[in-house]
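**Student:** Sequence and predicted structure are below.
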Amino acid sequence: MISVIVGISAAYMGGIVDDGLSLLTDVVLVIPTFPLIIVIVGYLKSAGFWLMVFVLVFTGWSYGARQLRVQALSLRIATTCSRPRPGANRVGTSSRSS
């Protein structure tokens, strides 16, 4: 759910919002998940199942956000580029009258 909100919002809004959300995604992407779990379990002897699930969710959403952002950007660009220009000819037709 986090990845859907962050990824599609970044692609849809663009500009500084896209830059900020992409930076947040990049920062979370560089956090190593399993070493972080090992460190947390080492320091907190009472670290249970739910804390590990929280760490996995906190570090795992960024992959999906990156992929969804790219897909939404490609759809956004495809829809803006596919509109025909007024007076533009189709491929294979000539603008000259014979």
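**Tutor:** Everything's here; your move.

**Student:** alpha carbons only for contacts and neighbour counts from here, please
**Tutor:** OK.

**Student:** Please identify which helix or strand holds Gly42.
**Tutor:** Using DSSP states H and E, Gly42 sits in helix 33-43.

**Student:** Give the next helix or strand downstream of the worst-scoring helix or strand of the chain on mean pLDDT.
**Tutor:** The helix or strand of the chain with the poorest confidence is helix 33-43; it has a mean of 81 (mean pLDDT, DSSP states H and E). Going down the chain from helix 33-43, the next helix or strand is helix 49-81, by DSSP H and E.

**Student:** Let me see the mean pLDDT of that following helix.
**Tutor:** Per-residue pLDDT values over helix 49-81 give a mean of 83.

**Student:** How many residues are close by Leu68?
**Tutor:** Per other C-alpha atoms under 10 Å, the neighbour tally for Leu68 reads 21.

**Student:** oh sorry, the question was meant for Phe58
**Tutor:** Residues lying near Phe58 (other C-alpha under 10 Å) number 14.

**Student:** What of the one 3 residues further on?
**Tutor:** The local packing of Trp61 (other C-alpha under 10 Å) involves 19 other residues.

**Student:** Could you say which helix or strand holds the closest residue to it other than its chain neighbours?
**Tutor:** Sequence neighbours aside, Ser3 is the residue nearest to Trp61 in space, at 5.0 Å (criterion: C-alpha to C-alpha, 6 or more residues apart in numbering). Element membership of Ser3 [criterion: DSSP H and E] is helix 2-13.
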